[in-house]
Every structure is written in C-alpha cells, then in structure tokens.
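Novice: Sharing a sequence plus its predicted fold:
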Amino acid sequence: MRPHPWLFAILFVSPDGSGLYPTIQSALDAAQDGDQIHLAPGIFRGDGNREVDFLGKAIVLRSEVGDPSSVSIASVDGDLIPHVAIAFSNGEQKDSRIEAITFTPGKCETGILVINFASPVIRNCVFENINGCAVYNTGSPLI
C-alpha cells in the first residue's frame with residue numbers, strides 16, 4: 001500500500017523480454033494498487049503475456065504511446081492452443097483498466113475474460129481475428 005494515493009509507479013514491459021519485467025504478468029505481480037504498466041511497441045506473446053491475471057489489483061495496463069495499433073497481445077502462439085489474453089476474476093473494479101491495446105487472439109475464443117463480479121474498464125482497445133467473443137462476461141455487472 002502506497003503512503004499517498006497520488007504516488008504511483010510506472011512499470012515498463014518490452015515485447016522482447018528485456019528489462020526489469022520480462023512479461024506482463026511479472027509486472028502485474030510486482031505492481032501495487034494505483035500503479036501503471038506501460039507496454040512498449042510490439043507484439044506480446046507466450047507465457048506470461050497471455051492468460052494474464054490482474055490479481056484483484058487496481059492497475060492501469062496500457063500502450064506506452066497511447067495508440068492501440070502500436071501494441072498487440074497475441075494469445076495464440078506456436079502451440080495453437082486457445083488462450084485467453086487477460087482475465088479479471090478477482091473482483092476488479094473501475095480502477096483496473098486496460099487502455100490502447102490491440103488483442104489478436106487468432107484461434108482463441110475470448111480476448112478478455114470478466115467473471116466473479118469483476119467490473120474493469122476497457123478503453124480504446126481493438127479486437128482482431130477473434131473466433132468467439134472479444135470480452136466474455138459472466139457473473140459481473142455491465143457498466
């Protein structure tokens with residue numbers, strides 16, 4: 001818990017895995033409520049960059065440059081097994097946000113999973129080539 005609500009950290013993640021946080025999930029694991037995770041331009045794929053769990057945290061996950069065409073999360077990699085890109089399953093609310101990211105799950109049936117009374121904000125995102133639904137919502141309020 002941060003001593004002041006206006007203090008927050010920005011954690012940077014690069015698609016090549018370089019830097020302090022090699023994956024989106026590793027940055028989310030380290031983040032505290034109120035922090036932001038900025039994704040460098042490129043395509044994020046593979047373990048730790050798909051089936052990402054917000055863990056109930058009030059975090060902003062966004063493109064570093066604020067343009068959804070600059071960052072893509074690809075849920076399907078060489079294994080061709082369907083994966084969800086991001087899951088909200090721990091009661092996340094409006095302070096849990098995804099902004100300016102393109103989701104290209106390919107064979108995945110769901111881009112973002114929202115369950116168990118979660119109610120995150122998804123803003124300025126693009127969903128391409130999804131063979132199911134962009135956002136699957138069950139047991140959560142729609143706002």
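Specialist: Cool, the structure landed. Computed from a predicted model, the values in this text were never measured in an experiment.
Novice: Going by C-alpha atoms from here, please, whenever you check contacts or count neighbours.
Specialist: Will do.
Novice: Give me the phi and psi for the residue nearest the centre of the chain.
Specialist: Closest to where the C-alpha atoms of the chain average out (Cα atoms, centre = their mean) is I86, at 5.0 Å. Recorded main-chain torsions at I86 are phi -140, psi 140, according to degrees, to the nearest 10.
Novice: hey, where'd the strands end up in the chain?
Specialist: With DSSP state E, the ranges of strands along the chain come out as 10-13, 36-39, 42-45, 52-53, 60-63, 71-74, 86-88, 97-99, 102-103, 110-115, 121-123, 126-127, 133-138.
Novice: want to throw the ones you listed into JSON lines with distance to S26 and mean pLDDT?
Specialist: Rendered in JSON lines, the data for the strands of the chain read as follows (distance: least, Cα to Cα, whole Å; pLDDT from 0 to 100):
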{"stretch": "strand 10-13", "distance to S26": "9", "mean pLDDT": "97"}
{"stretch": "strand 36-39", "distance to S26": "11", "mean pLDDT": "97"}
{"stretch": "strand 42-45", "distance to S26": "13", "mean pLDDT": "92"}
{"stretch": "strand 52-53", "distance to S26": "9", "mean pLDDT": "89"}
{"stretch": "strand 60-63", "distance to S26": "13", "mean pLDDT": "96"}
{"stretch": "strand 71-74", "distance to S26": "15", "mean pLDDT": "87"}
{"stretch": "strand 86-88", "distance to S26": "14", "mean pLDDT": "80"}
{"stretch": "strand 97-99", "distance to S26": "16", "mean pLDDT": "93"}
{"stretch": "strand 102-103", "distance to S26": "19", "mean pLDDT": "84"}
{"stretch": "strand 110-115", "distance to S26": "18", "mean pLDDT": "60"}
{"stretch": "strand 121-123", "distance to S26": "21", "mean pLDDT": "86"}
{"stretch": "strand 126-127", "distance to S26": "23", "mean pLDDT": "81"}
{"stretch": "strand 133-138", "distance to S26": "23", "mean pLDDT": "58"}
